[in-house]
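J.: Give me coordinates for this.
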Amino acid sequence: MVTIKDVAREAGVSPTTVSYVINGTRLVSKETQAKVLQAIEKLGYRPNTIARSLRSKKTYTVGLIICDLKNPFFAEVLQGIEEQLNEKGYTLLVVDTNYDAKEEERAIETLLSRQVDGAIAVLGGEGNRNLRTFRERNIPLVLLDKRAQGEEWADTVLVDNRGGSRRLVEYMFSLGYRRVGIIAGPLTTTTGRERLEGYLEALQSFSISRDDRLIRIGDFRRESGYKIALDFLSSPSPPEVIYACNNLMCLGAMEAIREKGVRVPEEIGVAVFDDLPWFRFMDPPLTAVSQPSFHLGETAARLLLERMRGRRKKRKEVVLDVHLEIRCSLRNCERKGGGT
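T.: Here you go, the predicted structure:
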């Protein structure tokens, strides 16, 4: 039987690209599309998902609930998920909730009504009680990027939020900074809470007193980073560094800094948890904690495939390491290009 990999080999593209052409889930160039269609015709490949579903009593569909698809971080996560699932013949149904609890409830109901074989969820908060319906219906669930309170039965894939945040803040202290203003995410989320905990642990390790005026809580969106940074810059004793706990809040903070005409790093330092490809090309390049976003998605999909195939029953939690990218947005330009 001709497989999607055979078609990919004949066309000289990846199995994921073949899936995009067949399912129309992504735009590809006309040249690539022509190569794939020619290979399909030459090899006589005929996907028959309906017949396969009837035989197996499965839909070969996986649901993805994501809290903010506009965030470039999640775009890379999505690529990792899609690559794994497409290779195994699964179609991914994506629902964006935009950090709205009601939209999250509707997303869960949508996936359940579509009879998905499994689901991956990037939640906006600590979790939704409707998630338990997945367990009641014996539908495997993987929680990605954040834990969900009371849903310890689900597999979980995270990064070392606390450790990465602590390493970044300790690095700032090693450069001589003492007043580090943090723009944390919502404390109802794993990422918001643990990154703040890492900041507080760094204070303790350097015997620096906590100053609540330097601790502000945002919502992971650009607007909150902008408003909090303006507030920091307008205070009588502004911080020496602004540390934003995700990429969008950092972009908002940088907008406020530029608007005020404050020079980075000469007058204020900037650092961010969550690197983006273009952060290294900004002026100045931003010091950042880099997350393995593609690997996060890839790992979540692999865990889900294991559960859907019945190869593992015991819950698993995977915590991936992060990397510190040292650039010129702090007092360290002589060390640019480094990393730990």
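J.: For the chain, which segments are assigned as helices?
T.: 4-11, 15-23, 30-43, 49-56, 72-87, 101-113, 132-136, 161-174, 190-205, 222-234, 247-260, 293-308 (DSSP state H).
J.: Tell me how this protein divides into domains.
T.: Following automatic domain parsing, one gets these domains for the chain: 1-47, 161-291+323-339.
J.: Report back the residue of the protein that's furthest from centre.
T.: The C-alpha centroid of the chain is most remote from K42, which lies 39.3 Å away (CA atoms, centre = their mean).
J.: list the contacts for the nearest residue to it once chain neighbours are set aside?
T.: Nearest residue to K42, sequence neighbours excluded (CB to CB, 6 or more residues apart in numbering): E10, at 6.6 Å. No exception for glycine: its C-beta is placed from N, CA and C like everyone else's. With contact taken as CB atoms under 8 Å, 6 or more residues apart in numbering, E10 is in contact with A39, K42, L43.
J.: what's around the last one, how many residues?
T.: By the criterion of other CB atoms under 10 Å, L43 has 15 neighbours.
J.: swap in the first one?
T.: One way to gauge burial is a neighbour count; for A39, by other CB under 10 Å, it gives 21.
J.: Quick check, pLDDT for the residue nearest to K42.
T.: Reported pLDDT at E10 in the predicted model: 93.
J.: try E41
T.: 87.
J.: and the gap between it and V7?
T.: To V7, E41 is 10 Å away according to CB to CB, to the nearest Å.
J.: Which of these two has more residues huddled nearby?
T.: The neighbour count for E41 versus V7, taken as other CB under 10 Å, is higher for V7 (26 against 9).
J.: For V122, find the nearest of the domains of the chain.
T.: Checking the domains of the chain against V122 by CB to CB gives domain 161-291+323-339 as the closest, at 10.1 Å.
J.: If you average the pLDDT over that closest one, what comes out?
T.: The pLDDT scores in domain 161-291+323-339 average 94.
J.: One more: stretch 65-80?
T.: Per-residue scores along stretch 65-80 average to 93.
J.: Now do it: everything it contacts.
T.: Outside stretch 65-80, the residues within contact range by CB under 8 Å, 6+ apart are 64, 94-99, 104, 107-108, 111, 119-124, 144-145, 220-221, 246-248, 274, 276, 291, 293-301.
J.: Please convert the buried members of these into ChimeraX selection syntax.
T.: Buried residues within the contacts of stretch 65-80, by 16 or more other CB atoms under 10 Å, are selected in ChimeraX with:
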select :64,94,95,96,97,99,104,107,108,111,119,120,121,122,123,124,144,145,220,221,246,247,248,274,276,291,293,294,295,296,297,298,299,300,301
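J.: What distance do you get for the residue nearest to K42 to K30?
T.: For E10, the distance to K30 equals 18 Å [CB to CB].
J.: Q38 now?
T.: Q38 sits 12 Å away from K30, going by CB to CB.
J.: So for the two, which sits in the more crowded spot?
T.: Taking neighbours as other CB under 10 Å, Q38 and K30 compare with Q38 leading, 13 against 8.
J.: Once you drop chain neighbours, what's closest to that one?
T.: A11 (7.2 Å).
J.: Quick check, the one you found in contact with L43.
T.: No - taking contacts as CB atoms under 8 Å, A11 lies outside contact range of L43: 9.6 Å.
J.: burial measure for the closest residue to I268 other than its chain neighbours, as a count.
T.: Excluding the flanking residues, the one nearest I268 by CB to CB, 6+ apart is V262, at 5.4 Å. Residues lying near V262 (other CB under 10 Å) number 16.
J.: And R193, by the same measure?
T.: Neighbour number of R193 under other CB under 10 Å is 19.
J.: Please name the residues that touch it.
T.: So R193 contacts L187 (CB under 8 Å, 6+ apart).
J.: The one 3 residues further on too?
T.: By CB under 8 Å, 6+ apart, the residues touching L196 are S165, I182, A184, L187, I215, C245.
J.: where's the fifth one relative to G269, distance?
T.: Spelled out, it's I215. I215 is 17 Å from G269, by CB to CB.
J.: Which residue of the two possesses the greater neighbour count?
T.: Taking neighbours as other CB under 10 Å, I215 and G269 compare with G269 leading, 24 against 15.
J.: My understanding was that that one contacts R178; is that so?
T.: No - G269 is beyond contact range of R178, at 11.5 Å (criterion: CB under 8 Å).
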